[in-house]
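Enquirer: Test case, fold it:
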Amino acid sequence: MVEPKRNLGAEDVPSVYDVRGVPVRMPCQVRAAKAAHVIYAVPANAASRFVGPALCPLEHEPGQSQLVLGFVDYLDNDLGAYREVMVVFFVRPRSGTVEESGTFIYRLPVDGEFTCAAGRTIWGFPKTVERIDLEYEPESVRCRLFLDGTFALGLCVPRRGGVALPEQETTLQTYTYHPTLCVVPFSSGSREARMFPAGEGVTLELGDHELAQELRSLGLPSTPLFASWAEHFYGSFGAPRPVNPT
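Expert: Sure thing, here's the model as predicted:
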């Protein structure tokens, strides 16, 4: 159980959460990680089935939205060292504007109990504890995800080649249902990152789990729009804030 300790600031959001007797301060810091992100174009009307009633897919071109499949190997994080796989959609509030766009995390399996408890209770992230295998090779890294003991997907991303990216930092926001719609600010940065146009060198294998069937319903596997790999990834997550309906 998480008990927030209130800081009497103007925004009236918790500054420290107690998770299983461990204080987690906001913002939650990611100091060192390795991360892969693969971006796919998917039909917006199909994506709408996965983002909940208060959100709609953000269309990067008419009828097309974007899906992110990725994985992160957290090495130094306020929530511990663990592995994570993400299934993420780009969205905007149904009653909002493009300027309010962000992401919505549909699936977020992890391989650690503490980060699962913290993610679900602080932010409302859909974390579950699952088996996640990572295999590093000099030229690539492969992730295999098992959900409920069943092989769900395998994703392989290059570590070499592509286009070298400069060190960069971004500030975004992600939406959660906690239990009503909330927004979570987050920032991220990367060093020694590479981008692979059209997903050059990326392979995706889908298994027999329900998640794999859902990804097939979105047209995967397909040629990605692009992919990226960061040898050094870092960032932070702030406290969730309710989104006031209009």
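
Enquirer: The residue nearest in space to the middle of the chain: what's its closest spatial neighbour, skipping adjacent residues?
Expert: Nearest to the geometric centre of the chain sits residue 86, at 4.4 Å (Cα atoms, centre = their mean). The shortest distance from residue 86 to any non-neighbouring residue, by Cβ to Cβ, 6 or more residues apart in numbering, is to residue 70 (4.9 Å). Yep, even glycine has a C-beta here, placed from its N, CA and C like the rest.

Enquirer: where's the one you found relative to residue 185, distance?
Expert: 19 Å (Cβ to Cβ, to the nearest Å).

Enquirer: Settle it for me: which of those two has more neighbours?
Expert: Shown here are residue 70 and residue 185; by other Cβ atoms under 10 Å, residue 70 has more neighbours (20 against 17).

Enquirer: ok, residue 69 - contacts?
Expert: Counting by Cβ atoms under 8 Å, 6 or more residues apart in numbering, residue 69 makes contact with 37, 38, 40, 85, 86, 87, 88, 153, 155, 204, 215, 220.

Enquirer: What of residue 33?
Expert: Residue 33 touches 72, 73, 74, 75, 76, 77, 232, 233, 234, counting by Cβ under 8 Å, 6+ apart.

Enquirer: From those, keep the buried residues only.
Expert: Neighbour-count burial (16 or more other Cβ atoms under 10 Å) applied to these gives 72, 73, 74, 77, 233, 234.

Enquirer: Could I get those in a markdown table, plus columns for distance to residue 92?
Expert: Below are these laid out as a markdown table (distance: Cβ to Cβ, whole Å):
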| residue | distance to residue 92 |
| --- | --- |
| 72 | 24 |
| 73 | 30 |
| 74 | 28 |
| 77 | 29 |
| 233 | 25 |
| 234 | 27 |
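
Enquirer: picking up where we left off before, and the contacts of residue 69 as TSV, adding secondary structure and pLDDT?
Expert: Shown next, in TSV, are the contacts of residue 69 (DSSP: H, G, I helix; E, B strand; the rest coil; pLDDT from 0 to 100):
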residue	secondary structure	pLDDT
37	strand	98
38	strand	98
40	strand	98
85	strand	98
86	strand	98
87	strand	98
88	strand	98
153	strand	98
155	strand	98
204	strand	98
215	helix	98
220	coil	98
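
Enquirer: Of those, which count as buried by neighbour count?
Expert: In those, the ones that pass as buried (16+ other Cβ under 10 Å) are 37, 38, 40, 85, 86, 87, 88, 153, 155, 204, 215, 220.

Enquirer: of the residues you listed, closest to residue 243?
Expert: Within these, the smallest distance to residue 243 is 18.0 Å, found for residue 88 (Cβ to Cβ).

Enquirer: roughly how far apart are that closest one and residue 115?
Expert: For residue 88, the distance to residue 115 - Cβ to Cβ - is 17 Å.
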